[in-house]
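Asks: For reference, the sequence and a predicted model appear below.
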Amino acid sequence: MTRTHTPAHSSPGGDDTSRTGLYGGTANRRVTVRDIAAAKRRGEKWPMLTAYDAMTASVFDEAGIPVLLVGDSMGNCHLGYDSTVPVTMEQVLMLSAAVVRGTRRALVVGDLPFGSYQEGSVQALRNATRLMKEAGVGAVKLEGGERSAEQIDLLVRSGIPVMAHVGLTPQSVNAYGGHPVQGRGEEAAQQLLRDAKAVQDAGAFAVVLELVTADLAAEVTRGLHVPTVGIGAGAECDAQVLVWTDMAGMTDWSGGRRPRFVKEYARLREVLAGAARGFAEDVAGGTYPAPEHSFR
Ligand code: KIV
């Protein structure tokens with residue numbers, strides 16, 4: 001299912017979206033980081049979702065989601081792990097390529113997994129380059145504020161757009177010992193402000209703020225000229241991201257509590273289970289396949 005449609009000489013970015021919104025109008029090309037910068041200047045808020053396969057990504061692309069993140073949340077939501085820590089470059093490469101093939105308009109951001117950039121800028125450049133060349137993503141994301149600024153700086157100077165990620169960084173779950181809300185208390189708040197500023201100064205085109213108190217996220221958003229993308233960071237961020245399986249009610253929360261920032265826009269888990277049960281009943285009862293499903 002190849003939906004990628006990139007004219008050899010695509011039109012210069014900016015014009016259409018500045019009049020009609022990040023994903024509107026007559027533009028028939030992928031959203032770019034330049035469009036995203038223009039959206040911040042206009043004060044336009046925008047949504048981002050995760051995606052891990054071509055078919056789901058094509059649905060979100062057609063629904064007008066301008067940015068899709070092939071997040072290392074694939075560890076929990078797609079690959080059956082209980083954290084993002086085991087996710088490998090090969091897994092992110094394979095799923096990112098699928099999401100790129102399934103989409104035409106969205107900017108696809110590939111997540112650098114744990115262990116693929118922490119050694120330093122050269123390792124980060126090697127792996128980010130693979131994501132662009134082998135999977136075709138338009139940008140990469142990596143976790144960390146001041147501690148990742150050097151990596152971001154080299155990637156950006158090498159022509160690779162980088163989305164940064166500060167606040168709660170799930171690849172450090174073993175260091176946190178859980179998923180605590182970030183930025184509580186003066187010292188933690190000052191560190192978060194320094195982290196956000198450091199990644200912006202290093203050249204990041206957007207900054208994910210995960211599990212940050214709403215007031216602090218608002219202060220960060222006011223202080224940056226690049227957009228903030230909130231997840232559990234209140235309403236003042238420039239953009240909002242949700243993990244698609246949470247957003248669509250696919251995630252099974254029976255083993256724990258649903259985080260308060262997750263809003264379920266559908267009950268997909270129930271819909272799919274109902275479909276599977278209906279199929280099973282029809283097969284057991286001999287009503288599927290019916291004559292119209294059979295060849296003569
Ligand atoms: O991996 C991921 O899906 C993420 C988002 C939650 C921002 O990092």
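Replies: Thanks, I have the structure now.

Asks: contacts, neighbours, all on C-alpha from now
Replies: Fine.

Asks: Which element, helix or strand, includes residue 38?
Replies: In this structure, residue 38 sits in helix 33-42 according to DSSP states H and E.

Asks: again with residue 75
Replies: Going by DSSP H and E, residue 75 is part of helix 74-77.

Asks: re the thing from before, list the buried residues for the helix holding residue 38?
Replies: Buried residues in helix 33-42, counted by 16 or more other C-alpha atoms under 10 Å: 33, 35, 36, 37, 38, 39, 40.

Asks: give me the number of residues near the residue of the chain found nearest the ligand?
Replies: In the chain, the residue that lies nearest the ligand is residue 71 (3.3 Å; C-alpha to the nearest ligand atom). Each residue near residue 71 was counted by other C-alpha atoms under 10 Å, and the total is 26.

Asks: was I right about it contacting residue 48?
Replies: No - using C-alpha atoms under 8 Å as the test, residue 71 is too far from residue 48 to be in contact (11.1 Å).

Asks: quick one: secondary structure of residue 166?
Replies: strand (DSSP: H, G, I helix; E, B strand; the rest coil).

Asks: what's the answer for residue 109, then?
Replies: Classified using three-state DSSP, residue 109 is strand.

Asks: cool, and residue 198?
Replies: Assignment for residue 198 (three-state DSSP): helix.

Asks: pLDDT score for it?
Replies: pLDDT for residue 198: 98.

Asks: Quick one: residues contacting it.
Replies: Going by C-alpha atoms under 8 Å, 6 or more residues apart in numbering, residue 198 touches 145, 146, 149.

Asks: if we can go back for a sec, do the helix holding residue 75 and the ligand meet?
Replies: No - Helix 74-77 is not in contact with the ligand by C-alpha under 6 Å from any ligand atom; minimum separation 6.8 Å.

Asks: For the helix or strand following that helix, could you pull out the residues that count as buried?
Replies: As assigned by DSSP H and E, the chain's next helix or strand after helix 74-77 is helix 89-101. Within helix 89-101, the residues scored as buried using 16+ other C-alpha under 10 Å are 89, 92, 93, 95, 96, 97, 98, 99, 100, 101.

Asks: for the record, mean pLDDT for helix 89-101?
Replies: What helix 89-101 shows for mean pLDDT is 98.

Asks: ok, now stretch 152-162?
Replies: 98.

Asks: how about that stretch as CSV, C-alpha atoms only?
Replies: C-alpha atoms of stretch 152-162 as CSV (Å, rounded to 0.1, in the frame of the first residue of the first chain):
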residue,chain,number,x,y,z
ILE,A,152,20.4,17.7,18.8
ASP,A,153,22.9,20.3,17.7
LEU,A,154,24.8,17.9,15.4
LEU,A,155,21.7,16.5,13.9
VAL,A,156,20.2,19.9,13.1
ARG,A,157,23.5,21.1,11.7
SER,A,158,23.5,17.9,9.5
GLY,A,159,20.0,18.7,8.1
ILE,A,160,17.9,16.5,10.3
PRO,A,161,14.9,18.2,11.9
VAL,A,162,14.6,17.2,15.6
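
Asks: ok, residues contacting it?
Replies: So stretch 152-162 is contacted by 33, 121, 124-125, 128-129, 138-142, 164, 199, 202-206 (C-alpha under 8 Å, 6+ apart).

Asks: right, is it up against the ligand?
Replies: No - judged by C-alpha under 6 Å from any ligand atom, stretch 152-162 stays clear of the ligand, getting no closer than 13.0 Å.

Asks: Quick check: buried residues in that stretch?
Replies: Of all the residues in stretch 152-162, those buried under the rule 16+ other C-alpha under 10 Å are 152, 153, 154, 155, 156, 160, 161, 162.

Asks: So which of those are in strands?
Replies: residue 162 (DSSP state E).

Asks: roughly how far apart are residue 91 and residue 52?
Replies: Applying C-alpha to C-alpha, to the nearest Å, the value for residue 91 to residue 52 is 10 Å.

Asks: what does residue 262 give?
Replies: According to C-alpha to C-alpha, residue 262 and residue 52 sit 19 Å apart.

Asks: And residue 110, by the same measure?
Replies: Taken as C-alpha to C-alpha, the span from residue 110 to residue 52 is 10 Å.
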